[in-house]
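1. no sequence on hand, only this structure:
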């Protein structure tokens with residue numbers, strides 16, 4: 001089975017796929033990750049060296065927040081909540097492997113999505 005991910009999804013999707021693979025070792029999975037990773041890494045590095053702030057998905061900075069290299073600011077209207085969808089081609093019948101993955105995501109997928117990582121700190125005005 002081939003699975004394509006966008007770079008931001010890989011932070012939780014890879015954990016989901018790893019558990020799926022343990023539960024379904026007979027299914028050969030090949031993962032392709034798109035290349036937005038380099039952009040996200042550059043943004044994180046810029047913020048960590050003090051070049052500004054970023055509006056970025058929490059799961060992409062989970063490690064940096066936990067390590068204290070970045071802080072989460074409390075800002076009115078944030079966090080933005082996004083919805084994720086599982087889909088397949090409407091005119092194709094899922095293979096047994098695809099059906100197993102579908103059922104796994106439907107029943108266990110939410111447990112792999114990131115929750116609150118750290119408490120936000122009050123945002124302070126930036127000095128210009």
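-> Arrived safely. This is a predicted model, so every value here is computed, not measured.
2. got any ranges where the chain has weak pLDDT?
-> Scanning the chain for pLDDT under 70 picks out 4-12, 32-35, 114-128.
3. quick one: buried residues of the strand or helix carrying residue 47?
-> Element membership for residue 47, per DSSP states H and E: helix 37-48. Buried residues in helix 37-48, counted by 16 or more other C-beta atoms under 10 Å: 40, 43, 44, 47. Quick note: C-beta positions are derived from backbone N, CA and C, even for glycine.
4. before we move on, what about stretch 22-29?
-> Applying 16+ other C-beta under 10 Å to stretch 22-29 flags residue 24 as buried.
5. contact partners of that stretch?
-> 1, 2, 3, 17, 20, 21, 97, 100, 101, 104 (C-beta atoms under 8 Å, 6 or more residues apart in numbering).
6. SS state for the fourth one?
-> It stands for residue 17. helix (DSSP: H, G, I helix; E, B strand; the rest coil).
7. that one touches residue 2, doesn't it?
-> No: with contact defined as C-beta atoms under 8 Å, residue 17 does not count as touching residue 2 (11.8 Å).
8. more neighbours: which of those two?
-> Between residue 17 and residue 2, residue 17 has the larger neighbour count (other C-beta atoms under 10 Å), namely 20 against 8.
9. no further questions, thank you.
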